[in-house]
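Peer 1: Model the following, please.
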Amino acid sequence: MKIAITGKGGVGKTFISSTLARLFEKNGYKVIAVDADPDMNLACALGIDEEITPLSKMDDLIEERTGAKVGEYGSVFKINPKVDDIVENYSYRAGNGNIHLLVMGTIEQGGGGCVCPASVLLRRLLRHLILKRNEVVIMDMEAGIEHLGRKTTENVDLMIVVIEPSKKSLLTAKRIKKLANDINISNLYAVVNKIKNDEEKETFGKIFEKEVNIPIIGYIPYSDEVSSSDLLGKPIDLNSDVGKEVERLFNEIINIKPEYYPQLFTIIIGVFWIWFMLAWFPKDFENLDLRASDCKDLDGGKDYYVKGVVDSDDEILEYIIKKA
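Peer 2: Model (predicted):
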């Protein structure tokens, strides 16, 4: 199961993500926890007490896999770099050893944009984790809605919107719902965190159903233990009251059946496209120029064009980006 945890900043995404990762491990699952939030606090919430180097800062790895040095403008690089060994070689172990933490980091260079070696590697890795890994993948996404606009979570089995009893949280949930629908995420659910009492739970539940209408699969009470654990940099006790509430949420999640119809349609179209390309076109595309905006894996860019060659592996094309 591939799960994306999203929501407004400060609502408790990292707390929910880390506790779910530990509960999956407790129940015999192997877990890949992905910190995709630029604030990078998931390691602390999982109890990892060591210096963390995010993937976006591993310049040697980025150069090795993409063929381009970080920060060089106009360089030529691959946009389908090798990523299938990154979990094993560049993750941090948490829990009892069956949680692999990947810290993505962020692109801090001004003008780096979406078409740069580091961002290409991170996007490729996320796609690999969602589509090709057998472990449970839990992604603690960045606050807000930008990741939905970049379609980095379009193939997840389940998206959970963490909200709190506030108007701002409602507005963010509305925007997330719209964008999730745009990229065909069918399993979209909400978790209400920091509920103070039954009256607030009932009142907010009615407002949320009327204004947003995303199914709520869990209410997590406000807990001083969460604040204390956060202050000490330690994960919460799974046997505590709040830990048991998150365990109820875990039980709801494992009973949700992923809906694969949109993904299945995409796969069928992809298979047909591969057959068409291989059957009717020669395998040498060196003279074929495409705009970057025509390439599905890019966000576009007026200063780039793309040349592609057919790959014998499971990818249709290997793209090389060059300065226009």
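Peer 1: Please make it C-alpha for all contacts and neighbour counts, starting now.
Peer 2: OK.
Peer 1: which stretch of helix or strand covers Ile16?
Peer 2: Secondary structure assigned from DSSP states H and E places Ile16 in helix 13-26.
Peer 1: Tell me the strands beside the next helix or strand after that helix, with direction?
Peer 2: Using DSSP H and E, the helix or strand that follows helix 13-26 towards the C-terminus is strand 31-36. Each strand paired with strand 31-36, and its direction, by DSSP bridges: strand 99-103 (parallel), strand 136-141 (parallel).
Peer 1: as a whole number, average confidence for strand 31-36?
Peer 2: On average, the pLDDT along strand 31-36 is 95.
Peer 1: residues making contact with that strand?
Peer 2: 17-18, 21, 24-25, 41-43, 87, 98-105, 135-142 (Cα atoms under 8 Å, 6 or more residues apart in numbering).
Peer 1: And stretch 47-62, by the same measure?
Peer 2: 43, 68-70, 93-95, 102-107, 117-119, 121-122, 233-235.
Peer 1: Filter those residues down to the buried ones, PyMOL style.
Peer 2: Applying 16 or more other Cα atoms under 10 Å to the contacts of stretch 47-62, the buried members can be selected in PyMOL as follows:
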select buried, resi 43+68+69+70+93+94+95+102+103+104+105+106+107+117+118+119+121+122+233+234+235
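Peer 1: which ones among the contacts of stretch 47-62 are found in strands?
Peer 2: Of the positions in these, 93-94, 102-103 sit in strands, assigned by DSSP state E.
Peer 1: Include pLDDT and distance to Ile256 when you put these into TSV, please.
Peer 2: Formatted as TSV, these follow (pLDDT from 0 to 100; distance: Cα to Cα, whole Å):
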residue	pLDDT	distance to Ile256
Arg93	94	27
Ala94	91	26
Leu102	95	25
Val103	95	27
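Peer 1: any idea how far the nearest residue to Val226 once chain neighbours are set aside lies from Phe208?
Peer 2: Nearest residue to Val226, sequence neighbours excluded (Cα to Cα, 6 or more residues apart in numbering): Ile236, at 6.5 Å. From Ile236 across to Phe208, the span is 28 Å (Cα to Cα, to the nearest Å).
Peer 1: Contacts only, for the residue nearest the centre of the chain.
Peer 2: Nearest residue to the geometric centre of the chain (Cα atoms, centre = their mean): Met139, 4.5 Å. Contacts of Met139 were listed using Cα under 8 Å, 6+ apart, and they are 3-5, 17, 33-36.
Peer 1: Please apply the same query to Ile220.
Peer 2: When contacts are counted by Cα under 8 Å, 6+ apart, Ile220 touches 191-195, 242, 245-246.
Peer 1: can you rerun that using 7 Å?
Peer 2: Contacts for Ile220 were tallied using Cα atoms under 7 Å, 6 or more residues apart in numbering; they are 192-195, 242, 245-246.
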